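Asker: next one to model:
(4 chains)
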There are 2 protein chains.
Amino acid sequence: MIKSNRTEQTIQQIKVSVDCIIFGFNDNKLELLLIKKKDEPEKGKWSLIGGFVGFDEDLDEAANRILSDLSGLQDIYMEQIKTFGKVNRCSFDRVISSTYSAMILKSSYTEDQIEKYNAQWFPITEVPELIFDHNDMVDIAIKRMRRRVRNFPIAFNLLPSKFTLPQLQALYEGILDETLDKRNFRRKVSQMNYLVKLEEKDMTESRRGAFLYRFDEAWYKKEKHFNL
Amino acid sequence: MIKSNRTEQTIQQIKVSVDCIIFGFNDNKLELLLIKKKDEPEKGKWSLIGGFVGFDEDLDEAANRILSDLSGLQDIYMEQIKTFGKVNRCSFDRVISSTYSAMILKSSYTEDQIEKYNAQWFPITEVPELIFDHNDMVDIAIKRMRRRVRNFPIAFNLLPSKFTLPQLQALYEGILDETLDKRNFRRKVSQMNYLVKLEEKDMTESRRGAFLYRFDEAWYKKEKHFNL
DNA sequence: GACATTTAGCTTTTAATAAACAATAACAAA
DNA sequence: TTTGTTATTGTTTATTAAAAGCTAAATGTC
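Answerer: Numbers count the residues shown, from 1 in each chain, chains lettered A, B, ... in the order given. Below you'll find the model as predicted:
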């Protein structure tokens, strides 16, 4: 089936959108931020945070603008995952959509904002049926994230800037959905010098208290070796 | 900078294209298929094989159609790499472009076709200046391919269906641009049962001759473990 | 038949990485 | 001071990957 010599007209009708897959962490579980659509189309259904790309904005910029518009979240670093382009992926229009993913500290997204934007967090084991091919997008993003989280320090956005090692381990166990050996985990951490042990302790979660750590990004850029 | 409430009009002007990064292998070097543009825009410059996505074709389909239209290559399996969406990536129009990559047997692309389509193979160390952001696309595709080639049997498309182990090793050395130990390489190969040793020998490249092998795809799908 | 060349197979050593595993220290509360 | 709870720390073993040495087989050329 040869389909050359297309007219400008047909070409121009394709719309370009971005969908954002936002991960959070709560109660030792990985969660996903979804919104319930207030307007047509697909009003009342759950959806990723998405929107059309403007003519005069970069694709990356559009992802950030859309995230900001629809959730109030600003200056979130997002990575492009994949572009979905099936003809009928959206029932009423021809739209190709690039997915972007980010991890955020849940507390940076307040209850007020959740209400305002009609959003809700879902544990990734309980993601409802989403519009279009958004469930596929989520599946792919989760797989990719689980692969990357072991070799790149992307998960620290899910924690406060100061965190304890038990917290960090619980985070990894929650993300990967498997238990990790405490001593092996800590040994790996101690090999990464950019995970800096502070003098302070966090006394809120145990009697003894656990030392706080922080992730030193500038330092990491020199070493560039991460493995958990 | 808030950019909400876009009109349909501005949205519709974004065009969607696909660019194909086609790898070949020759003279123990990894090569890239490029075309010299016959028409404006950018006439006479080197470019990836690219074109606009039709309104009624999937993005994946478009990649194959465009590759076929502009090179005569058909039914090539391509993987999506990344979508490029900077506003000014193409100087005269707003185009976002998804890149796709494939590896092909150079001999399946004849001299006739090369001439007909104004194409040329370039060693990846000698890629000329390309239009737009195509050089960036190539860089990213090469990095990704070098990562994937060790864990997935994607490189066999660069060889005839029957090949010798010295050929296979030379291929990997060429792709990765490093020398590999013969004995360790062969040991790994012998662990992958879906690399089937045939009775035949190839006598063209050495006195003794080397046994031919083939990659059994169905068998691979059962084992799904690849490491070279 | 001796020789050169390349393929082929087998083995050992070493290094690197990952996995398994148990006792002690610090603290608050009772 | 005892008790309960969580944080912290090292050693050993197993597995895997890399490096290297050696032998031998097959073939065409001399």
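Asker: partners of whichever strand in chain A runs longest, with directions?
Answerer: When secondary structure is assigned using DSSP state E, the longest strand within chain A turns out to be strand A:15-26. Strand A:15-26 pairs in its sheet with strand A:29-36 (antiparallel), strand A:49-52 (antiparallel), strand A:95-103 (parallel), by DSSP bridges.
Asker: ok now it, how far from the chain's centre?
Answerer: A distance of 6 Å separates the centroid of the chain from that of strand A:15-26, by C-alpha atoms, centre = their mean, to the nearest Å.
Asker: again, but for stretch A:26-45
Answerer: Here the centre of stretch A:26-45 is set off from its chain's centre by 13 Å, with C-alpha atoms, centre = their mean.
Asker: hmm, that stretch touching DNA strand D?
Answerer: No: counting by C-beta under 7 Å from any atom of the strand, no contacts exist between stretch A:26-45 and DNA strand D, the nearest distance being 12.8 Å. All C-beta atoms are positioned from the backbone trio N, CA, C, and that covers glycine.
Asker: buried ones in that stretch, by neighbour count?
Answerer: Using 16 or more other C-beta atoms under 10 Å in any protein chain shown as the burial criterion, the residues of stretch A:26-45 that qualify are A:29-35, A:37, A:42, A:45.
Asker: pick the one among the residues you listed closest to DNA strand D.
Answerer: The shortest gap between DNA strand D and any of the buried residues of stretch A:26-45 belongs to A:Lys29, at 18.2 Å (C-beta to the nearest atom of the strand).
Asker: run through the bridge partners of the residue nearest to that closest one when sequence neighbours are not counted.
Answerer: On the basis of C-beta to C-beta, 6 or more residues apart in numbering or on different chains, the spatially nearest residue to A:Lys29 that is not a chain neighbour turns out to be A:Pro123, at 4.7 Å. When bridges are assigned using DSSP bridges, the partners listed for A:Pro123 are A:Glu31.
Asker: could I get the strands paired with strand A:15-26 as JSON lines with distance to B:Ser98 and mean pLDDT?
Answerer: Listed next are the strands paired with strand A:15-26 as JSON lines, based on distance: least, C-beta to C-beta, whole Å; pLDDT from 0 to 100:
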{"stretch": "strand A:29-36", "distance to B:Ser98": "25", "mean pLDDT": "96"}
{"stretch": "strand A:49-52", "distance to B:Ser98": "17", "mean pLDDT": "96"}
{"stretch": "strand A:95-103", "distance to B:Ser98": "8", "mean pLDDT": "98"}
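Asker: can you tell me which helix or strand the residue of chain A at minimum distance from DNA strand D belongs to?
Answerer: When C-beta to the nearest atom of the strand is the measure, chain A has its nearest residue to DNA strand D at A:Arg183, with 2.8 Å between them. Here A:Arg183 sits within helix A:182-191, counting by DSSP states H and E.
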